[in-house]
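In: dropping the sequence and predicted coords here.
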Amino acid sequence: MEEVGPPRPTVIARDEFLKGKKAFQEGRWAEAVELLKRFLEQYPSTPWGEEALFMLGMGHFRLREYEDAVREFREFRSRFPRSPREWEVSFHLAKALLELGRRKEALEVAEGILPRAEEHPSQRLELLRLLAKGWREEAPLKALSFYYELWKAGQKEVRDEVLSLVDDLDADELREVAARWKGTFIGVYARLKLATLLLDEGKGDEAEALLREVEGMAKGLGFGELFESLWTRLLKPKERELKVGLLLPLSGRYAQAGREVMKGAFLAAGIFGDRHPSWRVRFFIADTSSTLKGAMRGYNRLKGEAQAIVGPLSPRGVKAVLDLRGEDDPCLFPLSSLEEGGGEGVWPLVIPVSTEVEELFLEARREGLKTFGLFYPRTPFGERVVRALQEAAWRWGGEVILYHPYREGEVDFGAFLSEMKEVGPVPDALMVAGTDYTLCLVASQLAYYDLQDVRLLGLRIVDPSKLLGLCRDYLGGAVITCPFWGDSSREEVRHFISAYREVYGEDPGYFAALGWDGVELLTLMGKKEGVEGLYLYGVTGLRAFSPDGTPIGSVFKLRIVHGHLEEIY
């Protein structure tokens with residue numbers, strides 16, 4: 001028989017290693033540590049030494065024997081610096097050091113392996129969390145950078161930790177955080193906390209500027225309640241209150257228009273919706289009952305209560321109120337244009353018809369049209385249109401060769417148009433001042449007399465969509481102006497439309513836009529005594545006022561193409 005000798009040392013060493021490895025894999029940490037430690041002491045130089053040392057360190061770590069774990073991990077890094085396990089060993093070394101309170105050493109190790117963390121996605125987030133918590137006390141802004149990486153990676157649960165960290169920052173740190181993480185929940189919250197500190201110090205203007213920056217984001221990021229509480233604090237002082245009178249027809253013939261003005265005013269004041277004007281607006285309301293006496297009675301009451309009055313709505317009401325004004329009366333913002341200046345402290349909110357006439361005339365001149373005719377009502381408004389067209393022609397070139405004043409209720413223009421065709425002269429363009437119905441009558445009768453080549457210019461069409469519904473087939477190529485265009489691409493109009501729909505569930509019209517612009521202008525003015533130097537992005541096109549109080553603005557111009565309205569810029 002062949003004699004069998006004792007096992008070779010390598011076989012014994014491997015068996016000892018496998019015993020320790022099996023215990024480690026089965027989670028028998030104490031047994032694994034004992035077996036692996038003995039193996040490494042008896043067999044310090046074997047092919048299994050690297051794996052054994054790794055498992056020994058991890059075993060101590062699982063048993064929370066952090067001092068022993070640190071010792072074994074440091075030895076591993078020293079003996080096997082290029083091992084594929086080196087990153088994981090360093091990661092657990094940092095965790096063990098942090099458990100021992102050796103924060104500085106832990107962070108040094110963690111930051112050393114951070115550049116290679118992308119190669120270890122399952123442990124990267126844990127490493128970021130370690131760094132965030134580790135730097136929290138000593139370098140909070142550095143900690144925030146790691147928290148932000150966690151949040152971007154989908155770890156939304158860190159939000160509360162971030163907010164509590166921001167709560168402890170001073171003003172300078174909050175400013176830096178607000179700038180560095182602008183547009184994120186971290187930056188928005190930092191601005192809100194900084195606004196809180198500024199309000200505590202009585203610095204309302206600085207706080208308002210910060211709140212303005214996050215006004216559109218705070219609610220969506222979960223800070224709506226905090227924002228509202230800060231805004232309430234901002235407007236709480238009495239000097240932040242504006243007393244505004246609304247002199248409107250809330251009953252009678254023009255009640256619907258008056259109610260629309262009021263809805264726009266309430267929206268602009270922030271009574272409904274998410275709008276936050278710089279002033280708390282307190283309204284005093286007087287119903288004119290759609291009569292001159294009602295306008296005069298309402299004005300006499302409001303002038304003793306309000307700092308500013310928006311209204312009346314009708315031209316006759318405005319004239320009656322102007323006759324009542326005294327030297328110390330509150331400023332007045334009429335809702336119709338004035339034939340002449342209203343005097344000191346009077347600023348109409350309606351862009352004058354002369355501006356609309358000039359813009360319409362210039363658009364026609366840009367198209368090469370030279371001669372003009374005018375249909376106008378036999379009213380003071382019609383007379384202003386005549387003067388405005390004559391002045392535009394004198395200033396910009398062109399000739400007004402035809403005038404036709406019409407009576408209220410007149411519907412048949414056949415005799416005049418027939419004579420114009422047969423005898424002449426036939427103008428290149430015909431401006432119609434009146435209602436959408438009047439424009440449609442003229443358009444259809446031009447077609448009947450085969451005068452479609454005459455370009456139609458419609459002035460102050462309040463509802464262009466209604467106009468198309470009445471006579472779109474006769475309006476090809478026509479250009480019109482309107483005091484408000486809800487489908488405009490202007491940013492201020494889009495914002496107004498969205499806010500109005502959200503609150504009232506419907507689209508606003510011209511009168512609601514007037515109410516919005518009136519309160520918008522007042523909150524922009526604050527308690528100033530005039531409008532000099534103010535610039536407004538009014539949704540009716542109102543921009544500013546000339547020194548004599550005349551409104552300056554950009555009217556809405558539309559061209560009708562294939563039955564559709566196209567805005568002219």
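Out: Right, received. Where do you want to start?
In: how close does the residue nearest to residue 248 when sequence neighbours are not counted get to residue 350?
Out: Of all residues not flanking residue 248 in the chain, residue 258 sits nearest, at 3.7 Å (CB to CB, 6 or more residues apart in numbering). No exception for glycine: its C-beta is placed from N, CA and C like everyone else's. Per CB to CB, to the nearest Å, residue 258 is found 15 Å from residue 350.
In: looking at these two now, which is surrounded by more residues?
Out: residue 258 (27 against 23; other CB atoms under 10 Å).
In: got the phi/psi numbers for that one?
Out: phi -60, psi -40 (degrees, to the nearest 10).
In: pretty sure it is touching residue 313, no?
Out: Yes: using CB atoms under 8 Å, residue 258 is in contact with residue 313, at 6.2 Å.
In: mutual contacts of these two, please.
Out: 248, 249, 288, 511 (CB atoms under 8 Å, 6 or more residues apart in numbering).
In: got these as TSV, with distance to residue 61 columns?
Out: Formatted as TSV, the shared contacts of residue 258 and residue 313 follow (distance: CB to CB, whole Å):
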residue	distance to residue 61
248	77
249	81
288	83
511	74
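In: residue 24: which of the residues you listed is nearest?
Out: Residue 24 has its nearest neighbour among those in residue 511, at 80.8 Å by CB to CB.
In: relative to residue 131, how far out is the closest one?
Out: Per CB to CB, residue 511 is found 59 Å from residue 131.
In: poorly predicted segments of the chain, please.
Out: 1-9, 238-239, 339-342, 527 (pLDDT under 70).
In: so which residue is smack in the middle of it?
Out: Geometric centre of the chain, nearest residue: residue 216, 4.9 Å, by CA atoms, centre = their mean.
In: any idea how far that residue is from residue 439?
Out: Applying CB to CB to residue 216 and residue 439 gives a distance of 40 Å.
In: kindly report the same for residue 27.
Out: Counting by CB to CB - residue 27 and residue 439 are separated by 88 Å.
In: who's more crowded, these two?
Out: Higher neighbour count among residue 27 and residue 439: residue 439, with 25 against 10, using other CB under 10 Å.
In: same for the helix or strand hosting the more buried one, what does it pack against?
Out: Counting by DSSP states H and E, the element that carries residue 439 is helix 436-448. Packing partners of helix 436-448 (3 or more CB pairs under 8 Å, 6 or more residues apart in numbering; DSSP states H and E): helix 414-422, strand 429-433, strand 455-459, helix 464-471.
In: run the last query once more with 10 Å
Out: Judged by 3 or more CB pairs under 10 Å, 6 or more residues apart in numbering; DSSP states H and E, the packing partners of helix 436-448 are strand 371-377, strand 399-406, helix 414-422, strand 429-433, strand 455-459, helix 464-471, strand 479-482.
In: between the ones you listed, which gets nearest to residue 126?
Out: helix 464-471 (60.4 Å).
In: any idea how far stretch 58-69 is from the chain center?
Out: Using CA atoms, centre = their mean, to the nearest Å, the mean C-alpha position of stretch 58-69 is found 55 Å from that of the whole chain.
In: just stretch 541-548 next, same as before
Out: That offset, for stretch 541-548, works out to 25 Å (CA atoms, centre = their mean).
In: and residue 38, how far from residue 24?
Out: 14 Å.
In: the two: who's more crowded?
Out: Shown here are residue 38 and residue 24; by other CB under 10 Å, residue 24 has more neighbours (23 against 13).
In: show me the contacts for the nearest residue to residue 38 once chain neighbours are set aside.
Out: Of all residues not flanking residue 38 in the chain, residue 16 sits nearest, at 7.2 Å (CB to CB, 6+ apart). Contact analysis of residue 16 by CB atoms under 10 Å, 6 or more residues apart in numbering lists 35, 36, 38, 39, 40, 42, 43, 46, 48, 52.
In: my guess is the fifth one contacts residue 20. True?
Out: If I follow you right, that is residue 40. Yes: counting by CB atoms under 10 Å, residue 40 does reach residue 20; the two are 9.1 Å apart.
In: what kind of secondary structure is residue 557 in?
Out: Following DSSP: H, G, I helix; E, B strand; the rest coil, the label given to residue 557 is strand.
In: partner residues bridging it?
Out: For residue 557, the beta-bridge partners are residue 481, residue 568 (DSSP bridges).
In: ditto for the one 4 residues further on
Out: Taking DSSP bridges, one finds residue 564 as the beta-bridge partners of residue 561.
In: for residue 475, see how far away it is.
Out: Computed as CB to CB, the residue 561 to residue 475 distance reads 10 Å.
In: who has more neighbours, these two?
Out: The neighbour comparison of residue 561 against residue 475 (other CB under 10 Å) goes to residue 475, with 24 against 12.
In: list the contacts of the closest residue to the more buried one other than its chain neighbours.
Out: Using CB to CB, 6+ apart and skipping the chain neighbours, the partner closest in space to residue 475 is residue 560 (4.5 Å). If a contact means CB under 10 Å, 6+ apart, then residue 560 has 443, 456, 458, 464, 467-468, 472, 474-480, 566 as its contacts.
In: and residue 407, backbone torsions?
Out: Taking degrees, to the nearest 10 as the convention, residue 407 sits at phi -90, psi 150.
In: residue contacts, it?
Out: 377, 378, 379.
In: what's the distance between the nearest residue to the first one once chain neighbours are set aside and residue 476?
Out: Read that as residue 377. Counting by CB to CB, 6+ apart, residue 377 lies nearest to residue 434, which is 5.7 Å off, once chain neighbours are set aside. To residue 476, residue 434 is 20 Å away according to CB to CB.
In: between the two, which has more neighbouring residues?
Out: residue 434 (23 against 15).
In: what residues of stretch 207-227 count as buried?
Out: 207, 208, 210, 211, 213, 214, 217, 218, 221, 223, 226, 227 (16 or more other CB atoms under 10 Å).
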